[in-house]
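**Student:** Please work out how this folds:
(chains A, B, C and D)
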Amino acid sequence: MLKFFYIVSCLLIISLIEIPQLKKKEFKRERMFYIGFVLLGSGLLTANLMGVAIPNPLKAMEYIYTPISEVVYGFLT
Amino acid sequence: MSFFKKNNTFTKEQQNRSNADLLSRELTINISTIKEVFGQTSDLIIRNTHLHFYEKVNLAIIYIEGLVDTAVQESVLNSMLMDHERTFAEKGNDQSAEQVVDFLINRILTVSQVVEVSDVTEVKTQLLSGNTLFFLDGHSKGFAVHTKGWKGRNIDEPESQTVVRGPREAFTENIETSITQIRKRIKDSSLIVESTQVGRITHTDVAIMYLKGIANEKALKEVRERLDKIDVDGILESGNIEEFIQDTTYSPFPTVFSTERADVIAGGLLEGRIAIFVDGTPFVLLVPALFIQFYQVSEDYYQRADISSLLRMLRLFCFIIALFGPALYIGITTYHMEMLPTSLLISLAAQREGIPFPALIEALMMEVAFEILREAGVRMPRTVGQAVSIVGALVIGEAAIMAGIVSPSMVIVVSITAIASFVIPSYNMAISLRILRFIFMMLAASFGLLGITVGIFALVLHLSSLKSFGVPYMTPFGPFVLKDQKDTIFRLPQWGLLNRPSLIAQHNTTRVDNKKSQKH
Amino acid sequence: MKRFVTLFVISALLLSVLSGCWNRRELNEMSLAVAMAVDKSKKGYHVSVQVVNPSQISNQQNGGALHTPVSVYSASGKTLFEAIRKIIKTSSRKTYFGHLRLLIFSKEIAKEGVGKTLDMIWRDQEFRSDFFMVVSKTKKAKDILQIFTPVEKIPANHVFQTLEVSEKAWAPTVAIDIDEFIEDLLVEGKNPVLGGIQVHGNKESGKNSSSVSKIYPDARLVASDIALFKKDKLVGWLNVDESKGYNYILGNVKSTVGFLECPGGGNITMEVIRTEAKIKGNVVNHKPKISISLKLDQNIADVECDWDISKQTTIKQIEKESAKKIIALMDKAIKKAQKEKTDVFGFGSTIHKSNPKEWAALKKNWDQEFTSLEVDIKVETKIRVFGKVNQSLLKELEE
Amino acid sequence: MLDNGQISSRQLSILFLIFTMGDSVLILPTIVAGEAKQDAWISGILSLFFGAAIVFLYHRVGRMYPEHTLIENILTLLGKWIGSIVALLVIFYGMISIGALLREIGDFMTSQIMVETPITAIMILMIVVVGYAVRMGLESIARSVEIFFPWLVLLFTFLLALLVPQIDPEHVKPVFEGGIKPILRGAIPFTSYPFIETFMILMYLPFVKNKHEIQRSLFIGAGLGGLVLVVFTLLSILVLGSEMTSNQTYSGYKLATKITAGDIIERVEALLAGIWFITIFFKMILYFYASCLGTTQLFKFKDYKFLVVPMSIITLSLSLIITDNSLYLGTVFVEQWPYYDFTFGIVLLLILLIIGTRKLKKQKT
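**Tutor:** Below you'll find the model as predicted:
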């Protein structure tokens, strides 16, 4: 829990410094993306730290590539 | 003489700027204007008299006491008030005021330089720079006679950068003396001095010096622009200038080199660097400055090449110790004990028995105590300084160990680090190491060698992101320039140093006529 | 942007400082284990650890002889790791194994197989691989840790150095570290060996510090013999001669001593200074064959008989005799290993390397093949130096 | 150009060399020795030839539009819709690679050196520095890699010199025991980790000053990097033996523990871990920079620097998500990851090359 607070407060500080800078330059789209990305990232991070199961992208990769791998290995043994 | 020439163009510029307060033809009005400008200051001397040879005209001699060289001034006054009647009379007695002035300037005043002044601002500057002003009644221009000269320090040995072999001549606070010291060393017409004044109130003389055709034009333009941009009431030391013109403010590393040694500046100029002189300080700035430059001393070029190469390596080694010494000790003894030989580990462990603090706190305590001692030693009068060091040595070296607060090995580490940091020739680089050392200690205490590695990573990234007047700070390591390696960590013998650093000089990098360049 | 950069650095620093020091161990918060002994207990393992008392070792404090230079903690547990952790119950500090010098297995454990035990040590990152492993010939391995040793204050160091030096200058011992042991286990066609250690003298009084205050201590730790393993199980021992033979075969001998009986009574002693062994494998008609050739340089060290060694014929004879003797030693070792059906010499792996195709067929039944393996030994000795004198004193006295 | 920095061809060589070595220098010998046993080094030499072909492919793809990065190529050649999706996949590839690398180094640290330190802390420390590097811009990265390079060479020479006495030539025997198949099996990871994974270098080619020297730089970088890996693999086998090499999770680290030089230089593996740190760090930085730049080009942002913080948070969470334990990642690295690399590093690039050459031909006629 402490870790979580720590990370979130760090992010908050960094964001508070960065967002005004983006505002100054009139980067509107960039600002939206920034906020979106940070929220997505910290959401994932928090969920992970809270122990929520998140689908693992490697599982998808495993699903796609295992047949290929097996074919190649079958060929080479 | 280029300096003075440049000075003239400077005054012309100023003329254009302030046409508002032109001088009057009436002498009394002029005098009262000046009195008004300076207020009731008592060192402003105004003498009303008239020329000996042309009594018709009233004359005022104005100067500020203490700023003028009395010997020069005396001779000037002498010549003015002396009997020139006969020579003058030859030309007829009813001359116009212009002719009088002409005669006065060209025939009588036996000084190097006379400048016409026509407005009040200029009067102010001239007076304040120590010149003596003449005003003739009925003439709308005054004349500034060069009588500058106030008591300054004699040329002394450098205090901050001492050498065993090499010239013992340091700059003084007087900018003209300093410039002369370089001129004396580089007798070439390509040595250019550009003067300006910086500081709205102090009007400090600042001069840029470079070798035409050798110095990097881009950097030169940059220097001029940055100097022009400075807008502040006062410049008291070259450090003020340095802060205004450096590339990166938030970096512990200096990107401007400063020295009080004339030979270092001369050497830098020959490499194509640009020197910035500031009146009132013996420290002259040299740009662009590279990281490695702070680990070289002028003596390296006066000693034998092999010896100075070894000494340079020693200095870099000391850089590593000064930066990482305590951090490595903390990191290894608290995280990587397997790296120590067993017997050493046992003896370290024995020393640490009964020490109440963790290694980090122990090291911090010692380092802070040492920094206090060092600072005290610098600020103390010399006679008291001795006492401080004795007390310090006793407190740190003996009592702390006896009391069981720190372990002897920590004392060894801290003192070696301290001594190593004294080896670094440049004071401002040594300071940056002092700061970084603490950061590395923290990193080592929380992540061991990993923390140090990560710290080194960030440090190198930071260093390679720095630039000094357009030249990457870490040249010639990153970007790597093979040709320039000959004078960085190693120094080849003089016959090997035929090229100037390529990123600094950029063109005209050959030092010698190629036909004659080979050794025999 | 620049402000951001500085903030980035600062936040990184804060992170590192505030997050604390998880892995930090102060030197005075841990005890340094130098030797570990594993015995069998009813439940599982009985682990004893010899830790250093730094203040007694260091040169600083020479006063207090109140404490011993090392202490032994022990605990029992179902698994090795549990037992090691249980030691904390008796010791005030966490044990640190990064500087372990010696790992002793009791005979019982070795017979049951050390593989189980080794896994934890092999896996754990704190254990390095530069400690020696030995099998205790004394019944309880723990006893070995309790013997005071002279000169070297830390007994583990004493044993470590004994093993290291005696492997170099006295052939019949081996100093095996965990890397070598595990490599021998993993390699096809090779079985590992370990050195043996035992206590000579009075075990009980050797545990008292008064033992080392005598010039001749009551108990001494002696490295001797070689333990034969089949896979990870102890199956037998090589005695002094066989151990020597073993080392000759593997070319481990750097220097040792051998003697011959003179024809007219008395002995002549040779110092071996250089050896070079080559093992070659071959398969003829599906029958594996090993040939060993050994080249050996000797010095004459001690002539205690009246043999006339100034003659070249005598020297030739000595060379021949000593070669014969060494062949006998090697033969003995091989015989013993064949009897125990364990290929500690790696003949199998030699065959594997020279004839990989044949090996595929042989390896299934290698233990059986090994017992009837034909080994051809060739030894070539050369006498190089005769010391400061040429003729023996006895011979001179005769005249 | 978003970053108006430029790198010299020399800096490109070094960057590519370190990119090639990357994490391979830590884990590759283990994986390859697991397949090809004592013939792993032959796999390595074989892969050098495959690698040369692949690097040639990179060069050809980069040469089509010398001013375009990979993402720009994808967007122009594959059309708006397909292009955007493929570009997103490539960016995701970059990010998940950083996640995997981060996890790898975290696992390495927590299993070998600092057991009690939470992996998150180590990974945060790493990503902070990587992000810092990306913020500094390409020129700074290139300059710092030049500064690190001599140290890398020094450490490597040191390792090599001190391990030569430990070599046992018997360990490479018997050669060709299992025929060619195990060697080819070993060559799959040996080709994919150093050579195919580095296709992201195409994001950097437009920034090179001397375009005509790109080919040379790429070959020098890949050649030297590959050679180092072969030497490393051979060394692992010669010193540790193939059984031990495949038994150790980090054979390179184990190799460093073997260093002894007369009781003076011993137990220096924690220092030599610097080799792996430098290379893995730069691999992460190169992926990170490429991903940021790619995203910027895909969405036509004006600056890439603001992406650093959000991207680092996402990669950090990715590295936590992708695996529960180090073993799973290990198996994926051996079994599936090479083919994942293959899809992007070869299939995608070949498609781009074919479409690109056709288009260029059409423009000419």
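
**Student:** What mean pLDDT does the helix or strand that residue D:315 is a member of get?
**Tutor:** Using DSSP states H and E, residue D:315 maps to helix D:308-321. Mean pLDDT, computed over helix D:308-321, is 87.

**Student:** anything in that helix sitting right up against chain A?
**Tutor:** Yes. Using CB under 8 Å from any CB of the partner chain, a contact is recorded between helix D:308-321 and chain A, made by D:309-314, D:316-318, D:320-321. Placement of C-beta: from N, CA and C, glycine included.

**Student:** which SSE is the closest residue to residue B:427 other than its chain neighbours in?
**Tutor:** For residue B:427, ignoring the flanking residues on the chain, the nearest one in space by CB to CB, 6 or more residues apart in numbering or on different chains is residue B:160 at 6.0 Å. Under the assignment given by DSSP H and E, residue B:160 is not contained in any helix or strand.

**Student:** Spit out the contact partners of the residue of the stretch 51-200 of chain C at minimum distance from chain D.
**Tutor:** In the stretch 51-200 of chain C, no residue comes nearer to chain D than residue C:186, which is 3.8 Å away by CB to the nearest CB. Taking CB atoms under 8 Å, 6 or more residues apart in numbering or on different chains, we find residue C:186 in contact with D:241, D:243-244, D:247.

**Student:** I'd like to know how far it sits from residue D:241.
**Tutor:** 8 Å (CB to CB, to the nearest Å).

**Student:** hmm, back to that, helices - which of the contacts of residue C:186 land there?
**Tutor:** D:243-244, D:247 (DSSP state H).

**Student:** Closest one to chain C out of the residues you listed, please.
**Tutor:** For these, the nearest to chain C is residue D:243 (3.8 Å; CB to the nearest CB).

**Student:** So for the closest one, what's the nearest residue that isn't a sequence neighbour?
**Tutor:** Closest residue in space to residue D:243, ignoring its immediate chain neighbours: residue C:186 at 3.8 Å, by CB to CB, 6+ apart.

**Student:** Also residue B:62?
**Tutor:** Using CB to CB, 6+ apart, the nearest residue to residue B:62 is residue B:133, at 4.5 Å.

**Student:** send the alpha carbons of the host helix or strand of the one you found over as PDB?
**Tutor:** For residue B:133, the element it lies in under DSSP H and E is strand B:132-136. Output of strand B:132-136 as PDB, limited to C-alpha atoms (Å, rounded to 0.1, in the frame of the first residue of the first chain):
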ATOM      1  CA  THR B 132      40.800  63.800 -16.800                       C
ATOM      2  CA  LEU B 133      38.400  66.100 -18.700                       C
ATOM      3  CA  PHE B 134      39.000  69.500 -20.100                       C
ATOM      4  CA  PHE B 135      36.300  72.000 -20.900                       C
ATOM      5  CA  LEU B 136      37.000  75.100 -22.800                       C
END
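
**Student:** quick one: contacts of it?
**Tutor:** Contacts for strand B:132-136 (CB under 8 Å, 6+ apart): B:23, B:27, B:30-31, B:57-63, B:68, B:73, B:76, B:80, B:97, B:100-101, B:104, B:117, B:123, B:126-127, B:142-145, B:147.

**Student:** so how far is stretch D:211-221 from its chain's centroid?
**Tutor:** 17 Å (CA atoms, centre = their mean, to the nearest Å).

**Student:** what does stretch C:327-340 give?
**Tutor:** Averaging C-alpha positions (CA atoms, centre = their mean) puts stretch C:327-340 19 Å from its chain's average.

**Student:** got a list of contacts for it?
**Tutor:** Under the contact criterion CB under 8 Å, 6+ apart, stretch C:327-340 has outside partners C:228, C:230, C:235-236, C:238, C:241-246, C:248-249, C:292, C:294, C:343-345, C:370-373, C:375, C:377, C:379.

**Student:** Can you tell me how far residue D:17 is from residue D:10?
**Tutor:** Distance of residue D:17 to residue D:10, given as CB to CB: 11 Å.

**Student:** Look at those two and report which has more neighbours.
**Tutor:** Neighbour count, other CB atoms under 10 Å in any protein chain shown: between residue D:17 and residue D:10, residue D:17 has more, with 25 against 19.

**Student:** returning to what we had before: relative to residue C:120, how far out is the residue nearest to residue D:243?
**Tutor:** 17 Å.

**Student:** picking up where we left off before, give me the buried subset of the contacts of strand B:132-136.
**Tutor:** Buried by 16 or more other CB atoms under 10 Å in any protein chain shown: B:23, B:27, B:30-31, B:57, B:59-63, B:68, B:73, B:76, B:80, B:97, B:100-101, B:104, B:117, B:123, B:126-127, B:142-145, B:147, out of those.

**Student:** Just the element for the residue positioned nearest the centre of chain A, please.
**Tutor:** In chain A, the centroid-proximal residue (CA atoms, centre = their mean) is residue A:41; its distance is 4.1 Å. Per DSSP H and E: residue A:41 is located in helix A:28-50.
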